[in-house]
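J.: Next input, structure requested:
(2 chains)
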Amino acid sequence: MLNNCTTKYLISLKFSTSLSVAALTLLCISAAVAHGVDANTQQFLQANHGTAIGPFLYIGAKHMLTGYDHLLFLLGVIFFLFRTRDILIYVSLFTLGHSLTLFFGVLENISVNAYLVDAIIGLSVVYKGFDNLGGFQRLFARQPNTKVAVLIFGLFHGMGLATKLQDFDLPEHDLWKNLLAFNLGVEIGQFVALLFMLILLNLWRRFDSYFSFAVVTNTLLMAAGLVLFGYQMTGYVLNV
Amino acid sequence: MNEVNIPVQSLKTLIISMISAVILAFCILIVFIGPAEYGIDPTGLGKKLGLTVLAKPFSESVKKVMSCPSGEQAADWQDIVQITIPAKSDLEYKFYLQKDAYIRYAWNSDGDAVYFDFHGEPAGDKTGYFKSYRETTANASEGDLMAPFTGTHGWYWKNDTNKAIHVILKTKGQYKIKGLI
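T.: Next comes the predicted model:
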């Protein structure tokens, strides 16, 4: 353990800045693959005709790991979760939500406007940042049930995934197997992302600065969510 | 009840952080994302930073087609179009053919090879099924097709290069032009 006060401060400062820088960098690089699936993947998906467990697994995992919107939301959700049990409960609720709409959306061919769904996903990040600041208690004297909120936003995230997959006219044959693989990939990607976040957060949580920077971090989270929202809404307005 | 205790910030902190989030987001959108993604650059900073180059000019990203007025009005072709595939982009150009209808085609790009998939989709099919007739990377292709089923038939083109590619497509036969999709 580090006892030196200055080192402690410097390290924590480093963590907090690197975290915010990471969030912003993620935003910038992946802006290019805004709607999730890059050109090569697109070619594969359009050329693929049968069952392809491996590729779909990989695409799902990649989508989750490069999808800054999901990562930011997850970061917001686990920010004030300290017990493994809580983390498991919340992440399971999120998983349940996005799996439901992913399957239902693709199998029933329900397509939503990708820009609008992604804008709502951006708002989910804003919501979580605001919630983490205690905004609801302060302004409305009452915090909406956090579990229900995670489940509902999970539903929207799944709808986003479904919309992206539907762009590719997936072959009906064995569709559910590919979907299952894709969803499993999403969970694997989510797990890996969570692992990294938790390692960072747990290191940072040893220092008092975690709490003093909580306001800054969640403000940045809200800002990032608003950027996503604005970005998607501009796309919606221009393309419709 | 919630087991998770979220520290409730003071009203002042809350308002300051909300306002900063909005301002920060607005600046990022105006200065970076607008210019780089959509070519919208109200501050002019995007241009100075060289970001506007990244945005496909909006009129181009709308995947426009122009009728080609060039001297190639060869009598043996019914339709000649020039299709612009923006840099790092893709598009589809389709015709509607009845079963056993005939289309003859020839196209060439103005330089680089493009990936393409010449394929058909049966009318009314919702499963996403399509039949590929030819799929490769080339800068020209020609041939003819007797439609194996009623539906849309045409090309998916993909431009991996950093500059727009113009494809001149010449066709004749018993079809209806559906155009860009």
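J.: What does the closest residue to A:G235 other than its chain neighbours show for phi and psi?
T.: Of all residues beyond its chain neighbours, the one nearest A:G235 is A:Y115 (4.7 Å), with distances taken as CB to CB, 6 or more residues apart in numbering or on different chains. Where you see a C-beta, it was placed from the backbone N, CA and C, and this is true even at glycine. Here the main-chain torsion angles of A:Y115 (degrees, to the nearest 10) amount to phi -60, psi -40.
J.: and if you look at B:L91?
T.: Main-chain dihedrals, B:L91, degrees, to the nearest 10: phi -160, psi 170.
J.: before we move on, what about A:L75?
T.: In terms of degrees, to the nearest 10, the main-chain angles of A:L75 are phi -60, psi -40.
J.: Tell me the secondary structure at the nearest residue to it once chain neighbours are set aside.
T.: When the adjacent residues along the chain are set aside, A:L75 lies closest to A:M197, with 5.8 Å between them (CB to CB, 6+ apart). Secondary structure for A:M197, judged by DSSP: H, G, I helix; E, B strand; the rest coil, is helix.
J.: can you give me the helices for chain B?
T.: Using DSSP state H, the helices found in chain B span residues B:11-28, B:45-48, B:58-61.
J.: for these, which one sits closest to chain A?
T.: Between chain A and the helices of chain B, the shortest separation by CB to the nearest CB is 3.4 Å, and it involves helix B:11-28.
J.: Now mean neighbour count and distance to A:Q143 too, for the helices of chain B, in TSV please.
T.: As requested, the helices of chain B are arranged in TSV below (neighbours: other CB atoms under 10 Å in any protein chain shown; distance: least, CB to CB, whole Å):
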stretch	mean neighbour count	distance to A:Q143
helix B:11-28	16	13
helix B:45-48	16	39
helix B:58-61	13	42
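J.: re earlier: what sits against the residue nearest to A:G235?
T.: Residues near A:Y115 by CB atoms under 8 Å, 6 or more residues apart in numbering or on different chains: A:232-233, A:235-236, A:239-240.
J.: Over to B:T52?
T.: Remark: with contacts taken as CB under 8 Å, 6+ apart, B:T52 is in contact with B:35-36, B:39, B:41, B:46.
J.: now A:L123
T.: Applying CB under 8 Å, 6+ apart, one finds that A:L123 lies in contact with A:225, A:229.
J.: For it, what is the enclosing helix or strand?
T.: Using DSSP states H and E, A:L123 falls within helix A:114-132.
J.: Just the CA atoms from stretch B:76-96 would do, formatted as CSV, please.
T.: This file holds the C-alpha atoms of stretch B:76-96, laid out as CSV (Å, rounded to 0.1, in the frame of the first residue of the first chain):
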residue,chain,number,x,y,z
ASP,B,76,-27.4,-0.2,-78.2
TRP,B,77,-27.9,0.8,-74.6
GLN,B,78,-31.2,1.8,-73.1
ASP,B,79,-29.9,3.5,-70.0
ILE,B,80,-26.5,4.9,-69.0
VAL,B,81,-26.0,6.2,-65.5
GLN,B,82,-23.0,7.5,-63.6
ILE,B,83,-23.0,6.4,-60.0
THR,B,84,-20.7,8.0,-57.5
ILE,B,85,-19.6,5.7,-54.6
PRO,B,86,-18.3,8.1,-52.0
ALA,B,87,-14.9,7.3,-50.4
LYS,B,88,-15.0,4.5,-47.8
SER,B,89,-18.6,3.9,-48.6
ASP,B,90,-21.0,1.5,-50.3
LEU,B,91,-24.3,1.6,-52.1
GLU,B,92,-26.7,-0.6,-54.1
TYR,B,93,-28.2,0.1,-57.5
LYS,B,94,-31.1,-2.1,-58.5
PHE,B,95,-33.5,-3.0,-61.3
TYR,B,96,-36.8,-4.7,-61.1
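J.: What's the mean pLDDT across that stretch?
T.: Model confidence over stretch B:76-96, given as mean pLDDT, is 86.
J.: and what of stretch A:65-75?
T.: Confidence for stretch A:65-75, expressed as mean pLDDT, is 87.
J.: same deal with stretch A:87-98?
T.: This predicted structure assigns stretch A:87-98 an average pLDDT of 91.
J.: Figure out how far it is from the centre of its chain.
T.: The chain centre lies 12 Å from the centre of stretch A:87-98; the measure is CA atoms, centre = their mean, to the nearest Å.
J.: so does that stretch get close to chain B?
T.: No: in terms of CB under 8 Å from any CB of the partner chain, no part of stretch A:87-98 sits within range of chain B; the closest distance is 8.6 Å.
J.: Sort out which residues of that stretch are buried, please.
T.: When neighbours are counted by 16 or more other CB atoms under 10 Å in any protein chain shown, the buried residues of stretch A:87-98 are found to be A:90-91, A:93-95, A:97-98.
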